[in-house]
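Peer 1: predicted coordinates and the sequence they were generated for:
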Amino acid sequence: MAEVKTTLKVKGMTCGHCAGSVARALQDLDGVEETGVNLEKGLAEVTYHSEKVSAEDLAKAVIDAGYEATVA
């Protein structure tokens, strides 16, 4: 399986709890291996298997969690 790293721009995070919510939303997706959320920069870096999940799926998971997200 090919591992891919994608960075998402995330708007709406205001605290550590928000960053944790974004990280959990991403980690709950099948195929996600690793996440790193930077609250100050408003970014989420995700390593995942492209056969199981797409960058659009990642953004949708963050949006469904209540935040704005776009692929950087």
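Peer 2: Received, thanks.
Peer 1: list every C-alpha atom in the helix or strand encompassing residue 18, with coordinates, as PDB.
Peer 2: If you go by DSSP states H and E, residue 18 is part of helix 16-27. This file holds the C-alpha atoms of helix 16-27, laid out as PDB (Å, rounded to 0.1, in the frame of the first residue of the first chain):
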ATOM      1  CA  GLY A  16      -6.200  22.300  22.400                       C
ATOM      2  CA  HIS A  17      -9.600  20.600  22.700                       C
ATOM      3  CA  CYS A  18     -10.400  21.700  19.100                       C
ATOM      4  CA  ALA A  19      -7.100  20.400  17.900                       C
ATOM      5  CA  GLY A  20      -7.800  17.100  19.700                       C
ATOM      6  CA  SER A  21     -11.200  16.900  18.000                       C
ATOM      7  CA  VAL A  22      -9.700  17.400  14.600                       C
ATOM      8  CA  ALA A  23      -7.000  14.700  15.300                       C
ATOM      9  CA  ARG A  24      -9.600  12.200  16.500                       C
ATOM     10  CA  ALA A  25     -11.800  12.800  13.500                       C
ATOM     11  CA  LEU A  26      -8.900  12.100  11.200                       C
ATOM     12  CA  GLN A  27      -7.600   9.100  13.200                       C
END
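Peer 1: give me the residues contacting that helix.
Peer 2: 10, 12-13, 32, 35-39, 44, 46, 58, 61-62, 64-67 (C-beta atoms under 8 Å, 6 or more residues apart in numbering). The C-beta positions use only the backbone N, C-alpha and C, and glycine is treated the same way.
Peer 1: who's in contact with the closest residue to residue 33 other than its chain neighbours?
Peer 2: Computed as C-beta to C-beta, 6 or more residues apart in numbering, the closest residue to residue 33 that is not its neighbour in sequence is residue 47, at 4.7 Å. By C-beta under 8 Å, 6+ apart, the residues touching residue 47 are 3, 4, 5, 32, 33, 34, 35.
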